[in-house]
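Asks: Sequence and predicted structure are below.
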Amino acid sequence: MTNLSSPTLANLIMQLSPSKQSLKAGQMLFQQGEQVKSFYLVEEGLLKLIRNSIDGKELVHVEASEGSTIAEASLFSDTYQCMAIAAQDTAVISCSKRVMLDALKSNPEVMFQLLKMSSKQVRDLRAISEIKNIKKSRERILTYFRVFADLNGEIDLSPSMKDVASRIGITHETFYRELAQLEKKSQIVRSNKIVKIIY
């Protein structure tokens with residue numbers, strides 16, 4: 001997922017005769033294994049990218065909010081490696097995969113943005129893989145917070161804490177219970193879905 005902190009990618013997409021599509025909450029944009037034909041930008045709303053694991057479990061891969069592109073790696077793949085489902089009423093802008101690839105060839109700055117984003121995704125996935133190997137749920141949660149918190153030691157668990165639990169491989173019941181214990185032991189402070197780590 002690429003957040004459009006720079007307008008370059010957004011401008012490029014808007015120059016490529018994009019189309020707009022509206023999705024109702026729960027509606028699927030594309031399925032895992034479906035042929036890649038389009039490149040997408042979330043105009044408003046929220047999409048969840050969910051991957052079916054080898055053992056058949058659904059794992060939330062990432063969430064894409066307003067101003068984000070999704071499934072960028074699909075530009076270089078024949079099929080989608082995950083499914084995209086609207087978590088709420090959502091509008092997306094799309095352009096042809098072929099047209100986008102042709103445009104990237106003559107826009108090295110945008111290509112560099114995508115390369116930088118892909119590198120971060122690989123680092124994040126490696127971190128998640130290592131976190132899921134931690135045996136104790138509480139330490140797994142704390143490690144996740146430490147890795148992905150911002151410079152103020154805060155992490156936003158919205159819109160769904162269940163998805164965060166799924167991402168690190170524990171049940172949401174265990175996640176909620178351990179959060180309560182971490183707060184009780186003054187290891188974290190919670191304000192709605194914002195968690196601040198107490199070092």
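Replies: Noted; the coordinates are in hand. These numbers come from a predicted model, not from an experiment.
Asks: how about residue 93, secondary structure?
Replies: Classification of residue 93 using DSSP: H, G, I helix; E, B strand; the rest coil returns strand.
Asks: Give me the neighbour count for it.
Replies: Around residue 93 there are 19 other residues, counting by other Cβ atoms under 10 Å. Quick note: C-beta positions are derived from backbone N, CA and C, even for glycine.
Asks: shouldn't it be in contact with residue 39?
Replies: No - Residue 93 lies out of contact with residue 39 (Cβ atoms under 8 Å); the separation is 9.4 Å.
Asks: any common contacting residues for these two?
Replies: Residues touching both residue 93 and residue 39 (Cβ atoms under 8 Å, 6 or more residues apart in numbering) are residue 13.
Asks: care to break this protein down by domain?
Replies: If you go by automatic domain parsing, the domain ranges for the chain are 2-127, 134-197.
Asks: Could I get the average pLDDT for the longest one?
Replies: Read that as domain 2-127. Averaging pLDDT along domain 2-127 gives 84.
Asks: do the shortest one as well
Replies: For domain 134-197, the per-residue pLDDT values average out at 91.
Asks: How about the helix of greatest length in the chain, which residues are buried there?
Replies: What stands out as the longest helix in the chain, according to DSSP state H, is helix 108-132. Across helix 108-132, burial judged by 16 or more other Cβ atoms under 10 Å covers 110, 113, 114, 117, 121, 128, 131.
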